[in-house]
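Q: Pasting a predicted model and its sequence here:
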Amino acid sequence: MAEQRKNKRFNALDNALVFVDNIPGQIVDISKGGLSFKYSSLDNMPKDCTRVDILVPEINYYLQNVGCSQISDTAIGKLTQYSNVTIKRRSLKFSRDLLGSRSIEHLVEVVCGK
């Protein structure tokens, strides 16, 4: 299947976090169109999200209420070989009010450490 992404994805800093209703996930990658993050099945992550907060603690960067919509939420593996805890990956698309704006370019640079 051919890659359908419009925007190049960049790996996030290891400590870049996204919060959905105050529940953290580790950002995996980000683009001008959206981001993906991973989290544990124990985290009780809400099924839907329309707003997230983004934190990059090493530079004291915090952005609240980033509009988004969920694209996918899939299991990617187990925490350990003998664990019942599943690691999941959720992909989000940024809302239209953020897309194409100068702030989205800045957000990508901050989350990637550029």
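A: Arrived safely. Residues are numbered from 1 along each chain as shown.

Q: Not counting the lowest-mean-pLDDT helix or strand in the chain itself, show me its contacts.
A: Sorted by mean pLDDT, DSSP states H and E, the helices and strands of the chain end with helix 102-112, the least confident at a mean of 86. Residues external to helix 102-112 that are found in contact with it (Cβ atoms under 8 Å, 6 or more residues apart in numbering): 10-13, 16, 27, 30-32, 35, 54, 56, 59, 61, 63, 66, 94, 98, 114. Placement of C-beta: from N, CA and C, glycine included.

Q: Among those residues, name the buried ones.
A: When neighbours are counted using 16 or more other Cβ atoms under 10 Å, the contacts of helix 102-112 contain these buried positions: 10, 12-13, 16, 27, 30-32, 35, 54, 56, 63, 66, 94, 98.

Q: Arg89 against Leu35, yeah?
A: No: the pair Arg89 / Leu35 is not scored as a contact, 10.9 Å apart, by Cβ atoms under 8 Å.
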